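Participant: this is a predicted model, with the sequence first.
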Amino acid sequence: MATHSSHIAAPRTRARTTAHSWGHGFGNLLRKEYSLWWGTRKWLVHVLIWLGIINGLIALVTFEEAGSATPSVSAISQEVIEVFFKLGALATTLGLVTSVQGAIVGEKQLGTAAWLMSKPVARSAFVLSKLVANATAFVALAVALPATVFYAQNLLMLGYVTPLAPFLAGLAVQMLHLLFYLALTLMLGTLFDRRGPVAGIALGILFAGLLLPNFLPAAVTLALPWQLSEVMTGLALGRVMPAGWLIPVVATALWTVLFIAVALWRFGREEF
């Protein structure tokens, strides 16, 4: 009599999913962050704000300069370019800090950060998704869009535009300026549990740059982003740049990388 041996399979155990990879869950978190920008009317509000503040004021300045005794159209264009970059650097930074101050602190206060960290998601992915999503949105809506409209404004209102390559170089420095304050704000969000210190410190550094360079040694101010508005304006106008103009650019880039590294380190040690 043949016997049939029954093979009893070992019970399957659910594979334990862990977030050992630094980028685990980044794609899902990035889609979540993008949905907050592009899946709501938030992007439209920012479009109206930046076009109204930057391009609206530029239009007023252009009308005023065109009606004055300015000697040439190119001189008017140079004037409005200076206003565009100095106004843009200040206004976009104010808007960014105001908008991003609660990106991490808010989720810690609401408990959503702790809930997300209970899932198979890397903590670094949480921070980096906010960095990438907000950087993309602000560069597109607060820098690239107003710059495109500004270029068209000059062509329509003055019949003259500055050469494109120098203008793009100035925009690149403006983007770096914006990324510095974005990284700073996110880092502060990992260090504090309230919005007050986050916004206060970031905006304090911004406004200190309007006053302290008059009293501090040049070596100190060159190590901070306070000189970048002059750099971006000089590049956009094709001026001969002074010696050492690259120092604040490189220093700002290094500070930005440092802030991101500190944010990743600190949030990785957050207790949830």
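Facilitator: Happy to help now that I have it.
Participant: where in the stretch 51-200 of the chain is pLDDT low?
Facilitator: 66-71 (pLDDT under 70).
Participant: for stretch 244-258, buried residues please.
Facilitator: 245, 247-249, 251-252, 255-256 (16 or more other C-beta atoms under 10 Å). Heads up, the C-betas are built off the backbone N, CA and C, glycines and all.
Participant: need the contact partners of the helix or strand containing residue 232.
Facilitator: Residue 232 is located in helix 228-236, with elements delineated by DSSP states H and E. Defining contact as C-beta atoms under 8 Å, 6 or more residues apart in numbering, one finds that helix 228-236 is touched by 81-82, 85-86, 89-90, 162, 166-167, 169-171, 173-174, 176-177, 241, 245, 248-249, 252.
Participant: drop anything exposed from these.
Facilitator: Neighbour-count burial within the contacts of helix 228-236 applies to 81-82, 85, 89-90, 162, 166-167, 169-171, 173-174, 176-177, 245, 248-249, 252; the criterion is 16+ other C-beta under 10 Å.
Participant: helices - which of the residues you listed land there?
Facilitator: 81-82, 85, 89-90, 166-167, 169-171, 173-174, 176-177, 248-249, 252 (DSSP state H).
Participant: between the buried residues of stretch 244-258, which sits nearest residue 268?
Facilitator: Comparing those against residue 268 with C-beta to C-beta places residue 256 closest, at 18.8 Å.
Participant: which other helices and strands does the one helix or strand that closest one maps to contact?
Facilitator: Here residue 256, judged by DSSP H and E, is contained in helix 246-268. Helices and strands touching helix 246-268, by 3 or more C-beta pairs under 8 Å, 6 or more residues apart in numbering; DSSP states H and E, are helix 123-138, helix 164-191, helix 218-222, helix 228-236.
Participant: by contact count, what packs against the shortest one?
Facilitator: To tie it back to what came earlier, the one meant is helix 218-222. helix 246-268.
Participant: which residues does the helix it packs on contact?
Facilitator: Helix 246-268 is contacted from outside by 104, 123-124, 126-128, 131, 173, 176-177, 179-180, 183-184, 186-187, 189-191, 221-228, 231, using C-beta under 8 Å, 6+ apart.
Participant: filter the residues you listed down to the buried ones and hand me the ChimeraX line.
Facilitator: Command for ChimeraX, covering only those of these found buried under the criterion 16+ other C-beta under 10 Å:
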select :104,123,124,126,127,128,131,173,176,177,179,180,183,184,186,187,189,190,221,222,223,224,225,226,227,228,231
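Participant: ok, the residue lying closest to residue 132 once chain neighbours are set aside to residue 246 distance?
Facilitator: What sits nearest to residue 132 in space, not counting adjacent residues and going by C-beta to C-beta, 6 or more residues apart in numbering, is residue 30, at 6.1 Å. Between residue 30 and residue 246 the distance, using C-beta to C-beta, to the nearest Å, works out to 32 Å.
Participant: also residue 164?
Facilitator: Counting by C-beta to C-beta - residue 164 and residue 246 are separated by 22 Å.
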